[in-house]
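K.L.:
Build me a model from this:
(2 chains)
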Number of protein chains: 2
Amino acid sequence: MRTFRIAMVQMNPTVGDLDGNVRRITAWLREAKKAKADLVAFPELAITGYPPEDLLLKPRFVADNRRALQKIVRHCRGLAAVVGYVSLSDGIDPKPARPSVVSAGACELYNAAAVIADQKLITTYCKWYLPNYGVFDESRYFHPGRRLPLIRLRGTVVGVNICEDVWLPEGPTRFQAAAGAEIIVNISASPFHLGKSRVREQMLATRARENGVVLTYTNVVGGQDELVFDGNSVILDHQGEVIARGKAFEEDLIVADLNMESVARARRTGRKNLLPRLVASAVKVYTVSLPAVQKTRVRAVPDVTAVLDQLEEVYRALTLGVRDYVRKNGFTRVVIGLSGGVDSALTAVLAVDALGAENVWGLFMPSPYTSRDSHEDVAELGARLAISVRTIPITTMFDTYRHALAETFAGRAPDTTEENLQARIRGNLLMAFSNKFGHLVLTTGNKSEMSVGYATLYGDMAGGFAVIKDVPKTMVYDLARLRNLRGTTPVIPKRTLDRPPTAELRPNQKDEDSLPPYEILDPILQAYVEEDRSLEEIVEAGYDRTTVTRVMTMVDGSEYKRRQAPIGIKITQRALGKDRRMPITNGYRNS
Amino acid sequence: MRTFRIAMVQMNPTVGDLDGNVRRITAWLREAKKAKADLVAFPELAITGYPPEDLLLKPRFVADNRRALQKIVRHCRGLAAVVGYVSLSDGIDPKPARPSVVSAGACELYNAAAVIADQKLITTYCKWYLPNYGVFDESRYFHPGRRLPLIRLRGTVVGVNICEDVWLPEGPTRFQAAAGAEIIVNISASPFHLGKSRVREQMLATRARENGVVLTYTNVVGGQDELVFDGNSVILDHQGEVIARGKAFEEDLIVADLNMESVARARRTGRKNLLPRLVASAVKVYTVSLPAVQKTRVRAVPDVTAVLDQLEEVYRALTLGVRDYVRKNGFTRVVIGLSGGVDSALTAVLAVDALGAENVWGLFMPSPYTSRDSHEDVAELGARLAISVRTIPITTMFDTYRHALAETFAGRAPDTTEENLQARIRGNLLMAFSNKFGHLVLTTGNKSEMSVGYATLYGDMAGGFAVIKDVPKTMVYDLARLRNLRGTTPVIPKRTLDRPPTAELRPNQKDEDSLPPYEILDPILQAYVEEDRSLEEIVEAGYDRTTVTRVMTMVDGSEYKRRQAPIGIKITQRALGKDRRMPITNGYRNS
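P.N.:
Numbering: from 1, shown residues only, chains lettered A, B, ... in the order given. Have a look, this model is predicted:
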């Protein structure tokens, strides 16, 4: 029987760390060889990490990436590999030029997949469809490819394409299948957002079925600034059935034996794909021979890892996002301002799950407006998480500021100025901790607050990484409750979840003094911020016109704050990061 | 003699302010009618302002922009007009749909020029070449146009194209000329950077000459977030000679009578442009009739405004950038932390030039490390500028922080932690002023500091707008000296310009304790940050390897600070704003 053993390396590269990524790739290559894979696929831009952003404008960086590929080629003895890198041409990349020869801006770049077999670079496929929406800026850097190389290997024809290419029905997958490909190796860097893994897998199943090909989808895993890649790599047979699935949110090697005779049989009886004449000229078949390998079938039916619940996926994404941001940026420990509220509690729990309790410090900075409940709940949380919590009251500092400003502010009533002073004293103390001990400050603001600007710039917004910045307040509670189900004792005190949210910056303050209830606010924000709905549309959906107008005005008026906010982990379709690019100076008033 | 009277409105729209922009356009239309213009051109996206960024993703915004165009059409009685707007199709825009019919993401958008004549929308031209590099993200929003409409008007054939289209020799200008256009009306939104106005005008002269057409170039003027549009609109004859030039950095109406017979004569004798067959099908000529107008030739030879000196251009760009950011965001007054150094002095002078002395407040916040010189120089600057300066010493606040942190920091030597504490107390006081009085805080950091991270996040970086963020320190001195030449008394005290730069955050501190001299640092930064040069290239250019390595490491390690910095005015080829998109998590080490 004709079989083909395919391996996928769902790896976690670090953007820019070419040497580290090469070490990681070659280590996985050894594993793939041990598993006697015929072909092993690595993700999109595995050598540079994804997205490399403006590193791509540095000619030296591109040259170094090509040298890195040469090293990897030498490690591919006895098997074929598909590796994502940056190519200087839509074809076989010319020999690495001397760096001094490469001049800035002079070169065309391609988002490419090197096809390597037995220590030879056979060809490259260059991505046709460059996403330039949402968080993606690929047209900023890359030219689209126009070629369709196929590889004939141990009697099986393989087509390679990249990420976005497989999302289009009338794209490379269709053409490669029509030109004879039996397996499509798609390499990808597809970031997580709520619900995406399911949509993606359904799309892949459709694509495999409609083209009658085995489809292997190799995704990146890991955190990179605001993005988290969820892995969830998958192999689907020619009927769209999942035959192997990689782990979610972890590195993984997936190996499967494919029965190519059943694919070929189905193709003979199935409908013929037609190859458009213009595309036919783009096709070239490379026949590759590999040394014979003695194989026993390791896994007749490969494991199919279960799909996670959606809320669990978010929790895992946040944990991985924190861990990778902290570690990839060379930090070990984090410090978090604890208030007794649910946002800081959830942030602390996520940090402990990501980094271990010994690496998480809490700082509690009470004022006279801080309730007894908050004192107790912070102590309780710290004890349950077994983290160090230090208390520094801010009252004397607050007094010296008020004294220093008394003359200037004479005759003016206290207002948000005094509230912000307190928040900024806390920000200053947290940053002093960070500066003195080298801990990264994690901020604790949620998406609801960040959207309406209910946060103090340089105050509670001060820090390096905003863990739950894209989590609406109502989902903060859901995640806290989900986490409390683990183990025997809930880690977050019940009262933290039950009492009304408050900033405690003046006596008896409640969030609902300034904001609509979160059950109302969150759906309005989703409609306005994530779905670009107009006032009329949101009112038609059943929300109060005055409330909606007020929320929109708050969102529009706090763009300057968000622009200076630390980055945070994207978990929704549209986060408040590089997938939302609003002008600060903006005269548009919603109507 | 066949003449054609062309008018260009070099206008200052506000992004998103559709109603305001329509009012501005209709007011200028009245002026153009008074001047008896045959055709008046408004800039690229005049209706929405440029760049509208993600406002374009709101279907309601696009619908409102189309309704705004209909209003303008009604005002074009008796003349023709070219107006930039967002179209939903590459052709005549269909009637404005009811907002509820437009669904998010469902529509294709085009960066379009409406051609209006005598209250009728004749056709639209849609931009062919969408810039998606540097500060530009047009591929994020727009589809490229494929049509080449020409307008025959009073016996003259006019071709319209948009901004980037005219930069390409083998682009729409070539094809329109080949199809018979005698005048090319290019409408543009081309942001300022050092030296660009000259390069642009040379390019335009080449384009006019090589195609034997009159070229009119209508640019936006004004500030929009980090961009300043310099105006410098220009009309060039078919030999590439400038026959009229708009003012720099001001709104302007430019009117010129064009002798079309000399153009036609030259075209008959000159070489024939060939129209590629594929392009020919894109051409369509619209013949338009306008009511007869009795004209006297107003200006036989229109004025040609002089070109400004480069440093003067930067000064004007900064002034306009501040004024427009402050006013378009609804502020009247600004507050600036004055230190006695040249950066805060220049920022204050720019603010006074932009907004008037009565709208600029200084805040002086001395510590025990503040020198007597600084006390005196701040007082002197305040007096010369006639601005209010208030003094609030930070010593007691600094002491209470140190006291509060004493136990936690026990046994650890003072370091940058204590320096940052001081800077952040100042940031907190400035923001308290801003919160209490509604003044916008202008920050004072220069590009050299911001590049190497020699600044305190939430400290001296706290504020809404960073005026000289893109000005290297050596140019800060040049600009200060330039400004001191105006009037009878120099506004910036001589000692501020003469004494060595210092942050005064510890005894006898000098910038050169931490940084290379600015005469060395600035060219290294230009090579690394603006030109993407590698270590080897910079060393080959004559700089010390250790110094260059240290500078690169500082730049790479402070990306997280820049990400949280306020926006500031772009004046170089690559500012530290949206034209530099580096990952924070970045393992690339320069070699």
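K.L.:
going forward, measure contacts and count neighbours with C-alpha atoms only.
P.N.:
Noted.
K.L.:
Count the residues that sit near the closest residue to chain B within the stretch 151-300 of chain A.
P.N.:
In the stretch 151-300 of chain A, the residue that lies nearest chain B is residue A:225 (6.0 Å; C-alpha to the nearest C-alpha). Neighbours of residue A:225 under the rule other C-alpha atoms under 10 Å in any protein chain shown: 24.
K.L.:
quick one: it and residue B:563 touch, right?
P.N.:
No - here residue A:225 does not reach residue B:563: they are 11.5 Å apart, not a contact under C-alpha atoms under 8 Å.
K.L.:
tell me the contacts of the residue of the stretch 151-300 of chain A closest to chain B?
P.N.:
A:321, A:325, A:567, A:568, A:569, B:583, B:584, B:585 (C-alpha atoms under 8 Å, 6 or more residues apart in numbering or on different chains).
K.L.:
Tell me the pLDDT of it.
P.N.:
Per-residue confidence (pLDDT) for residue A:225: 98.
K.L.:
Residues of the stretch 451-591 of chain A that sit close to chain B?
P.N.:
A:458, A:462, A:464, A:531-534, A:537, A:560, A:563-566, A:580-589 (C-alpha under 8 Å from any C-alpha of the partner chain).
K.L.:
What about those residues, which are in helices?
P.N.:
Counting by DSSP state H, these place A:537, A:560, A:563 in helices.
K.L.:
mind checking the SS state of the residue nearest the centre of chain A?
P.N.:
In chain A, the residue lying closest to the centroid (C-alpha atoms, centre = their mean) is residue A:228, at 1.9 Å. Using DSSP: H, G, I helix; E, B strand; the rest coil, the structure places residue A:228 in strand.
K.L.:
Give me the contact list for the helix or strand bottoming out on mean pLDDT in chain A.
P.N.:
Ranking every helix and strand in chain A by mean pLDDT, DSSP states H and E puts helix A:277-280 at the bottom, with a mean of 80. By C-alpha under 8 Å, 6+ apart, the surrounding residues in contact with helix A:277-280 are A:175, A:179.
K.L.:
Tabulate the CA atom coordinates of that helix in PDB.
P.N.:
Extracted in PDB, the C-alpha atoms of helix A:277-280 (Å, rounded to 0.1, in the frame of the first residue of the first chain):
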ATOM      1  CA  ARG A 277      -5.100  28.200 -18.500                       C
ATOM      2  CA  LEU A 278      -3.500  31.300 -17.000                       C
ATOM      3  CA  VAL A 279      -2.700  29.400 -13.900                       C
ATOM      4  CA  ALA A 280      -1.400  26.300 -15.600                       C
END
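K.L.:
roughly how far out does that helix sit from the chain middle?
P.N.:
36 Å (C-alpha atoms, centre = their mean, to the nearest Å).
K.L.:
Mind listing what's buried along it?
P.N.:
residue A:280 (16 or more other C-alpha atoms under 10 Å in any protein chain shown).
K.L.:
same question, stretch A:447-457
P.N.:
Result for stretch A:447-457 [16+ other C-alpha under 10 Å]: buried residues A:447, A:448, A:449, A:450, A:451, A:452, A:453, A:454, A:455, A:456, A:457.
K.L.:
now do stretch A:20-28
P.N.:
Those would be A:20, A:21, A:22, A:24, A:25, A:26, A:28, for stretch A:20-28 by 16+ other C-alpha under 10 Å.
K.L.:
ok, back up a step: off-centre distance for the helix or strand just after the least confident helix or strand of chain A?
P.N.:
Reading on from helix A:277-280 to the C-terminus, the next helix or strand found by DSSP states H and E is strand A:283-288. Relative to the chain's own centre, strand A:283-288 is displaced by 35 Å; criterion: C-alpha atoms, centre = their mean.
K.L.:
Just checking: what are the partner strands of strand A:283-288?
P.N.:
strand A:148-153 (parallel) (DSSP bridges).
K.L.:
buried residues in whichever helix or strand comes after the partner strand?
P.N.:
Counting by DSSP H and E, the element after strand A:148-153 in chain order, helix or strand, is strand A:156-162. Across strand A:156-162, burial judged by 16+ other C-alpha under 10 Å covers A:156, A:157, A:158, A:159, A:160, A:161, A:162.
K.L.:
Could you do stretch A:188-198 as well?
P.N.:
A:188, A:189, A:190, A:191, A:192, A:193, A:195, A:196, A:197.
K.L.:
contacting residues around stretch A:81-92?
P.N.:
Residues contacting stretch A:81-92 (C-alpha under 8 Å, 6+ apart): A:39-48, A:62, A:65-66, A:69, A:93-94, A:107-117, A:121-126, A:145-147, A:160, A:187.
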